[in-house]
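1. For reference, the sequence and a predicted model appear below.
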Amino acid sequence: MNTAKVDSDALDAGAPAEPEELSLAADFPPAGRDDWLRLVDEVVRRSGRIGEDAPPGAGFEKLTRTGPGGLRIRPLYTADDAPRLDVGVPGTAPYVRGAGAAGPAPDGWDVRQRHAEPDPALARQAVLADLENGVRSIWLVVGEGASAVADLPSVLGDVLLDLAPVVLDASAAPADTEIEAAEVFLELATERAVRPAGLLGTLGLDPVGRRVRTGEGPDIAEVLPLARHVAEEFPQVRAIVVNALPVHGAGASDAQELGWSLAAGLEYLRVLTGSGGREGDFTGLDLATAGRLLEFRYAATAEQFPTIAKLRAARRLWARVTEVCGSPEPQRQHAVGSPAMLTRRDPYGNLLRGTLAGFAAGVGGADAVTVAPFDAAIGASEPFSRRIARNTQSLLVEEAHLARVIDPAGGSWYVESLTAELARSAWAFFQDIEAAGGALAAIGSGFLAEQVAMVRGRRLADVATRRAAITGVSEFADPAEKPVERRPVPEAPGGGLPRFRLAEPFEAYRDRSDALLAATGARPRAFLATLGPLAAYTARAGFARNLLQAGGIEVPEAGPTTNADEVAAEFAEAATPVAVLCSTDALYRERGEETVAALRDAGARYVLLAGTVAVPGVDDTLYTGVDALAVIESVYAAQEIAQTPRATAQEGAR
């Protein structure tokens, strides 16, 4: 072995000199924002999205989109866009970067699983399986279709109440069930000799949220006796849930969801601190104690950045509310996978939606996170789907290591800007609610319903035009999909804000198609009258096929041909009154009119054209941004018109 001494000084001397400052763009001329905007304009102009005479910056504006709530999302964010606001540090006001100084480390956030099983033995088994395999707290539904109040001791028989928090939810049960379930839970802890200081959980009282869901509910003051009892005896138990899910589930924007939660939370603070002007002998709690009794529940969606920003903004906003009341207090957050984003059709896509929502909730700093099982929109979830839901969070914490970094999105120009914009918009909506008389008055007057309905309308319009894509439902639907079946669950009581899922309008047509198949042996059909070689019509035929299949419509096609009579002959064999002409603009101008005429002669009652070129005889056109639901409805209507004479003849024969 060579043990000769290496002359490190000589090696250093022979190395090339290091520049004091390395500039990777030294050989290029300096470029500023105006140069970048000019290049953007050129690219967007070449795509045909802006004209040759468009003013500078028009390309940037074309790439800027506006969400349902009115917030503008730009294609690029720079340091100039970052707000000049103090976001603080984790664990200190305004809590933007987290409610705790240590964040979720080292073990991650609270993985919370929802259970709604009426059989107490099965519920007990499911709860235990979750707690033994990664879940840290149980969200237990009480009422019809779920656990009965009398069964709580059995269902929670294996739960160590001072180790695993239990969150009660009797929101779908009669109003008095909430208080009854809470009292039984506290009595159960006493019977098991759980130290009051060690008991964990949330009682789930929420009379304000009940009014949002049903339009009526008990006086908010009914929570006072239990709230006082919890405040005095159980320092780690929260009594009240400020639940923003019903507002989100009615179609509200993120800003409306946040603004509503502030108004509802403030309503509870006024009652708990005795500043609401109510009569009685209740001695108000101090602000810190009252705030500790609240847990806020928000929706987490597959739109990861808005979800991250929403949770960060929520903490800032609540700190501001409590600061005005006396001193800024941290907000306890429970983020739940949005029920509105889930689909019944192609439900396996919900696995990815749930993963994105869980990721965003964790990165956004939620204290507890619930990922919905992929079959939650269909019916009662099964052990397999609950296992996947909890393992999704375990993967995010244990394998993706999300909990090892506090506020990982902090400092992002985009996230900080979006957080600030959401906070401003939410604060404005909160002030509107206060001007309307507060949360309860806004419900009673219809103000809340009216404001949310406007945003819901925009959401539904985006779905109908497929600007908001729902993969597997409005886009890339599988016509041969076998629906996933689950045990049905009772309908939640209504009467307040409506509940909707984004996928429902398209799923209704899929259900209608299945019903027609079962009744007649055939689904609705639309024939793709393709003109020219394969390359000429592939793109537009694919667009039309994708749109129509989303409504459960079969789409046979002609194949490559330029002969109008051949197309019409194949159309006649397809046994449908609907034809969709698919080709290039040039072929439309050259052969479109004669092809449409041939299709009409062959029995076409409704003729569509994929594109926007004017062709005589065409009833409607298909293009990006068209109301797909209206087109699908027209296809169904044409099918029924065509079947009417046949049905009449069959009735006469009988």
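-> It's in.

2. Need the nearest residue in space to Arg292, chain neighbours excluded.
-> Nearest residue to Arg292 in three dimensions, chain neighbours excluded: Arg238, at 7.1 Å (Cβ to Cβ, 6 or more residues apart in numbering). C-beta coordinates here come from the backbone N, C-alpha and C atoms, glycine included.

3. and if you look at Glu557?
-> Counting by Cβ to Cβ, 6+ apart, Glu557 lies nearest to Leu528, which is 3.6 Å off, once chain neighbours are set aside.

4. What is the burial count for the one you found?
-> 26 (other Cβ atoms under 10 Å).

5. give the contact list for Pro383.
-> Pro383 is in contact with Ala126, Ala129, counting by Cβ atoms under 8 Å, 6 or more residues apart in numbering.

6. Whatever helix or strand Phe429 lives in: which residues count as buried?
-> Using DSSP states H and E, Phe429 sits within helix 413-435. The neighbour-count check on helix 413-435 (16 or more other Cβ atoms under 10 Å) flags 414-423, 425-427, 429-430, 432-434 as buried.

7. Equivalent analysis for stretch 502-520, please.
-> Neighbour-count burial for stretch 502-520 [16+ other Cβ under 10 Å]: Leu502, Ala503, Glu504, Pro505, Phe506, Glu507, Tyr509, Arg510, Arg512, Ser513, Leu516.

8. what helix or strand does the first one sit in?
-> Just to be clear, that refers to Leu502. Short version: Leu502 belongs to no helix or strand, going by DSSP H and E.

9. surely it meets Ala469?
-> No - with contacts defined as Cβ atoms under 8 Å, Leu502 does not count as touching Ala469, sitting 10.0 Å away.

10. where along the stretch 551-654 of the chain do the helices fall?
-> 564-573, 585-601, 628-653 (DSSP state H, counting those that start in this stretch).

11. May I see the ones you listed organised as a markdown table, with mean pLDDT added?
-> Converted to a markdown table, these look like this (pLDDT from 0 to 100):
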| stretch | mean pLDDT |
| --- | --- |
| helix 564-573 | 94 |
| helix 585-601 | 95 |
| helix 628-653 | 71 |
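
12. quick one: which of those helices is nearest Val44?
-> For the helices of the stretch 551-654 of the chain, proximity to Val44 was assessed by Cβ to Cβ; helix 585-601 is nearest, at 21.2 Å.

13. May I see the buried residues of that closest one?
-> Here helix 585-601 shows Leu587, Tyr588, Arg591, Gly592, Thr595, Val596, Ala597, Ala598, Leu599 as buried, counting by 16+ other Cβ under 10 Å.

14. likewise stretch 394-401?
-> For stretch 394-401, by 16+ other Cβ under 10 Å, it's Leu396, Val397.

15. counting contacts, what elements does the helix or strand harbouring Val363 pack onto?
-> Under the criterion of DSSP H and E, Val363 resides in helix 349-364. Secondary-structure packing of helix 349-364 (3 or more Cβ pairs under 8 Å, 6 or more residues apart in numbering; DSSP states H and E): strand 294-300, helix 304-325, strand 333-337, strand 368-370, helix 383-394.

16. average pLDDT across that helix?
-> Averaged over helix 349-364, pLDDT sits at 97.

17. where along this protein do the strands fall?
-> Under the criterion DSSP state E, the chain contains strands at 65-66, 72-73, 110-115, 137-141, 166-169, 201-205, 237-243, 294-300, 333-337, 368-370, 527-530, 578-582, 606-610, 620-622.

18. want to try a markdown table for these, with distance to Gly559 and mean pLDDT as columns?
-> Shown next, in a markdown table, are these (distance: least, Cβ to Cβ, whole Å; pLDDT from 0 to 100):
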| stretch | distance to Gly559 | mean pLDDT |
| --- | --- | --- |
| strand 65-66 | 38 | 88 |
| strand 72-73 | 42 | 90 |
| strand 110-115 | 50 | 97 |
| strand 137-141 | 54 | 98 |
| strand 166-169 | 56 | 98 |
| strand 201-205 | 60 | 97 |
| strand 237-243 | 55 | 97 |
| strand 294-300 | 46 | 98 |
| strand 333-337 | 44 | 98 |
| strand 368-370 | 50 | 98 |
| strand 527-530 | 6 | 96 |
| strand 578-582 | 11 | 97 |
| strand 606-610 | 16 | 96 |
| strand 620-622 | 19 | 94 |
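
19. Dump these into JSON lines; add distance to Leu352 as well.
-> What follows is the strands of the chain, written out as JSON lines (distance: least, Cβ to Cβ, whole Å):
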{"stretch": "strand 65-66", "distance to Leu352": "22"}
{"stretch": "strand 72-73", "distance to Leu352": "21"}
{"stretch": "strand 110-115", "distance to Leu352": "19"}
{"stretch": "strand 137-141", "distance to Leu352": "22"}
{"stretch": "strand 166-169", "distance to Leu352": "26"}
{"stretch": "strand 201-205", "distance to Leu352": "29"}
{"stretch": "strand 237-243", "distance to Leu352": "26"}
{"stretch": "strand 294-300", "distance to Leu352": "14"}
{"stretch": "strand 333-337", "distance to Leu352": "12"}
{"stretch": "strand 368-370", "distance to Leu352": "16"}
{"stretch": "strand 527-530", "distance to Leu352": "30"}
{"stretch": "strand 578-582", "distance to Leu352": "31"}
{"stretch": "strand 606-610", "distance to Leu352": "30"}
{"stretch": "strand 620-622", "distance to Leu352": "28"}
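
20. Could you point out which of these sits nearest Gly326?
-> strand 294-300 (15.0 Å).

21. Let me know how buried the closest residue to Glu434 other than its chain neighbours is, in neighbour terms.
-> Among residues not flanking Glu434 along the chain, Ala263 sits closest, at 6.6 Å (Cβ to Cβ, 6+ apart). Counted with other Cβ under 10 Å, residues neighbouring Ala263 total 26.

22. so how far is Ala442 from Ala263?
-> 7 Å (Cβ to Cβ, to the nearest Å).

23. what sits in contact with each of the two?
-> Ile433.

24. any weak-confidence spans in this protein?
-> 1-22, 24-26, 105-106, 275-282, 643-654 (pLDDT under 70).

25. Thr576 and Ile641 touch, don't they?
-> No - counting by Cβ under 8 Å, Ile641 is not a contact partner of Thr576; they are 11.8 Å apart.

26. between these two, which one's more packed in?
-> More crowded of Thr576 and Ile641, by other Cβ under 10 Å: Thr576, with 25 against 12.

27. contacting residues around the more buried one?
-> Pro524, Arg525, Ala526, Phe527, Gln639, Ala642.

28. Against Ala642, how distant is it?
-> 8 Å.

29. and if you look at Gly358?
-> Relative to Ala642, and taking Cβ to Cβ, Gly358 is found at 48 Å.

30. more crowded one of the two?
-> Higher neighbour count among Gly358 and Ala642: Gly358, with 29 against 17, using other Cβ under 10 Å.

31. Show the contacting residues for Leu629.
-> Ala464, Pro505, Phe506, Tyr509, Gly551 are the contacts of Leu629 under Cβ under 8 Å, 6+ apart.

32. Now distance to Glu267 too, for these, in TSV please.
-> Shown next, in TSV, are those (distance: Cβ to Cβ, whole Å):
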residue	distance to Glu267
Ala464	36
Pro505	34
Phe506	38
Tyr509	41
Gly551	44
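
33. count of residues packed around Val613?
-> Neighbours of Val613 under the rule other Cβ under 10 Å: 17.

34. With the one 3 residues further on instead?
-> Pro616: 9 surrounding residues under other Cβ under 10 Å.

35. Quick check: the residue nearest to Ile179 when sequence neighbours are not counted vs Ser583, distance?
-> Distances taken as Cβ to Cβ, 6+ apart put Leu226 closest to Ile179, at 6.3 Å, once the chain neighbours are dropped. For Leu226, the distance to Ser583 equals 70 Å [Cβ to Cβ].

36. So Val369 is in contact with Asp110, correct?
-> Yes - counting by Cβ under 8 Å, Val369 touches Asp110, with 7.1 Å between them.
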